[in-house]
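**Student:** Could you look at this predicted model? Sequence included:
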Amino acid sequence: MRNMTKGLAAGLGLLLWSSTSVQAQELTIFWAEWDPANYLQELVNQYEAETGVKVTVETTPWSDFQTKAFTEFNAQGSAYDLIVGDSQWLGAASEAGHYVDLTQFVLDNKVLDSMAPATVKFYSEYPGNSGKYWSIPAEGDAVGWSYRKDWFEDPAEMAAFKAKYGYDLAPPATWAQLRDIAEFFHRPDQGRAGVAIYTDNSYDAMAMGFENALFSFGGELGDPATYQVEGIINSDKAVAALDAYRELYTFTPPGWAKTFFVENNQAITENLAAMSMNYFAFFPALVNESSNPNAKVTGFFANPAGPDGDQYAALGGQGISIVSYSQNQEEAFKFLQWFIKDDVQKKWAELGGYTCNKAVLESAEFQNATPYNKAFYDTMFKVKDFWAVPEYAELLTALNQRVYPAVVAGEGTSKEVLDALAADWKAIFAKYGRGG
Amino acid sequence: MAELIARLDPKSRAASRGLSDLAIRNLFVIPTIAFLIIFNIFPLIYSLGYSFTDFRASSKAPANFVGLQNYRDLLADPFIWTNFTITAKYVVVSVTGQVLVGFGLALLLNRTFPFKGLITTLLMLPMMLSMAVVGLFWKLLYDPNFGIINYALGLGSFEWLSDPGIALYAVALTDIWMWSPFVMLLSLAGLSAVPKHLYEAASIDRAGPFYVFFRITLPLVAPILLIAIIFRTMEAFKTFDLAFVMTSQPTTELISIRLYKMAFQEWQTGKSCALAYIVLIMVLTITNIYVKYLNRAKER
């Protein structure tokens, strides 16, 4: 009996010891449910092979990614050690203490030298130009365009286009050309539309879509240093940009009023539109013949320039941050040190992830790896982002409430809409003591 | 515990005594009340407190007392009134449709015919489905590019969910499809309880079908029909998933969707608590009006 008791105690001790050590050998990364998360899981399997630390990428649908992440943060839960969070979250998550300050890590590991400058600025730094960093650029992304090469290269279409508009049919270099091509291919009676754009107003789709016009037309959301919006978001350039975006909507397929990345890829795969805006992260599905029957005839181009030659695109993508409530912060830091290595970033790009590593992005190998990598490289140096302040969601709601009815239902003039939006944003900033 | 064992084993000594009032209180009443207090009453009171603060759950900043500011802001916000107007329109269209279709089906089913049981069961299937699934399913049916509804009705590319003027009615139509069986079920129960001798007497007096319907059937079924209307009004007022899944038109942004965005996307916790209380007061007011009519109908 005594031996049996001793045996049981030893067994229990061994069990406790092994379970404790197993706990320390695991990390959980939280991200949205999409292809890059699968690529990341493949990448981190290599980390497990090298170190023995099991890393799991846990995902949730995009629609409740933000809600689920912040619910866990607010509860100070330790379910996630790292999170690949949206750039807009930086203000909310850092000011509330949900993210670990990575400033020293960024400086010690020369992240500023190894990553593309725009990605560090928008994915990591908050407040802007403060020199404080909260994440490491993980998945670079921006809005680009896909188009039907077979429609564009059809000799009859080319001749008809030239006869109508006086220049050659080719991927648009300007927003004026984008508009002409959208109009040219818009043939509802043939079941074809000119263009597919973002219109969903549930979260940030409408903002991300409109920003492509706004920034390229020379407009801005406001002054990030002073939070002044009056005279900026409702400037003449911004009004012209909204006019252009509203006009594009008239060339979209029927029922294009709640559309984001899924629908915009369908516009190409289902032969619905000649051109479609989407984040680069969704383009791998368009070159894959199993998910796009038109893969061989799908081309890509960067967001075109505006009337004054400005050429910018809305930033997507995310940085990876350590959650303050993680029980495994030391291990998480080790993981980040591994993740930013050049060879790991190269592997990340090979798997399909959009690395932000400057050396990898600049390599000919990366730029020629897919039909859209060159456009991605060009775009990543010309990106701008939405507000990253903690009240960004209220700013998004106001934009959705004002801009959506204008684009989809044609309500009000663009000037009236943006004047109202400027007033809404001014009130929101004033509520949180910004902008004086 | 002995009492419980006694219930399970009727031959035991404890069984002969049955459960005492004390045992019933300890076993069933106290846990239920404790559950209610912890999960219903406490959050209700706690959120009432938050509704007078500027608390944000996403921030570590303490909640500051702002008095009635949240209520004032909400009641002065034209977008919130638009959300209430949309919700009222949705409730009226949806509940009226459900009552007409549901009661109509009940009248058709309130007779003997072959396969009555099977048909009744099949008619009840929609309300057994998940709201989100129904929403996604109908979104495909309404699709202007490949939806079967436009194809079947020959409507071409009619935009059910993209047209701001139509979208709310399209969502209401889906709700009517889903919840008419509920009204049908309650109406059937009411119709089967109408004494047959009243119809026999009406028949002897040569009463016409309209007279029979308005003087016998409807007054006697009215109380149970009103109960169905109360339940459906409360549910329609709270509708979230169906409209959220099917469309994102501002003309379909029901008050519960606005509340969700305010609470869980914008993290305006204090303000959203205030909005939740405004909605609660409205639902209680409407329910009380119905209950008053229900009591009147019962007294008749």
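**Tutor:** Thanks, I have the structure now.
**Student:** Only C-alpha atoms from now on, for both contacts and neighbour counts.
**Tutor:** Noted.
**Student:** residues in contact with residue 297?
**Tutor:** Just so you know, I chose chain A. Contacts for residue A:297 were tallied using Cα atoms under 8 Å, 6 or more residues apart in numbering or on different chains; they are A:148, A:149, A:150.
**Student:** think we crossed wires, I meant chain B
**Tutor:** Going by Cα under 8 Å, 6+ apart, the list of residues near residue B:297 reads B:219, B:222, B:223.
**Student:** 6 Å instead, please
**Tutor:** residue B:223 (Cα atoms under 6 Å, 6 or more residues apart in numbering or on different chains).
**Student:** helix or strand for it, which one?
**Tutor:** helix B:269-299 (DSSP states H and E).
**Student:** Also near chain B: which of the contacts of residue A:297, exactly?
**Tutor:** When contact is defined as Cα under 6 Å from any Cα of the partner chain, those do not meet chain B at all.
**Student:** quick one: which of those residues has the most company?
**Tutor:** Among the contacts of residue A:297, residue A:148 has the most neighbours (other Cα atoms under 10 Å in any protein chain shown), with 22 neighbours.
**Student:** I'd guessed that one sits against residue A:298; true?
**Tutor:** Yes. In this structure residue A:148 lies within contact range of residue A:298 using Cα atoms under 6 Å: 5.0 Å.
**Student:** Count the neighbours of residue B:112 for me.
**Tutor:** Per other Cα under 10 Å, the neighbour tally for residue B:112 reads 9.
**Student:** Against residue B:119, how distant is it?
**Tutor:** Noted for residue B:112: a distance of 12 Å to residue B:119, by Cα to Cα, to the nearest Å.
**Student:** Count the residues that sit near residue B:285.
**Tutor:** Neighbours of residue B:285 (other Cα under 10 Å): 12.
**Student:** Contacts only, for the residue of the stretch 1-150 of chain A found nearest chain B.
**Tutor:** Residue of the stretch 1-150 of chain A nearest chain B, by Cα to the nearest Cα: residue A:96 (4.8 Å). In this structure, residue A:96 makes contact with B:59, B:60, judged by Cα under 6 Å, 6+ apart.
**Student:** go on, residue B:168?
**Tutor:** residue B:252.
**Student:** Next one: it from chain A, what distance?
**Tutor:** Distance, residue B:168 to chain A, by Cα to the nearest Cα, to the nearest Å: 14 Å.
**Student:** Please identify which helix or strand holds that residue.
**Tutor:** Assigned by DSSP H and E, residue B:168 belongs to helix B:167-192.
**Student:** ok, and for the helix or strand just after that helix, which residues are buried?
**Tutor:** Next in sequence after helix B:167-192, counting helices and strands by DSSP H and E, comes helix B:196-204. Buried residues in helix B:196-204, counted by 16 or more other Cα atoms under 10 Å in any protein chain shown: B:199, B:202.
**Student:** again, but for stretch A:260-271
**Tutor:** A:260, A:261, A:263, A:264, A:265, A:266, A:267, A:268, A:269.
**Student:** what does stretch A:112-132 give?
**Tutor:** So for stretch A:112-132, counting by 16+ other Cα under 10 Å, buried means A:112, A:114-128, A:132.
**Student:** what do you get for stretch A:338-358?
**Tutor:** For stretch A:338-358, by 16+ other Cα under 10 Å, it's A:339-340, A:342, A:344-350, A:352-358.
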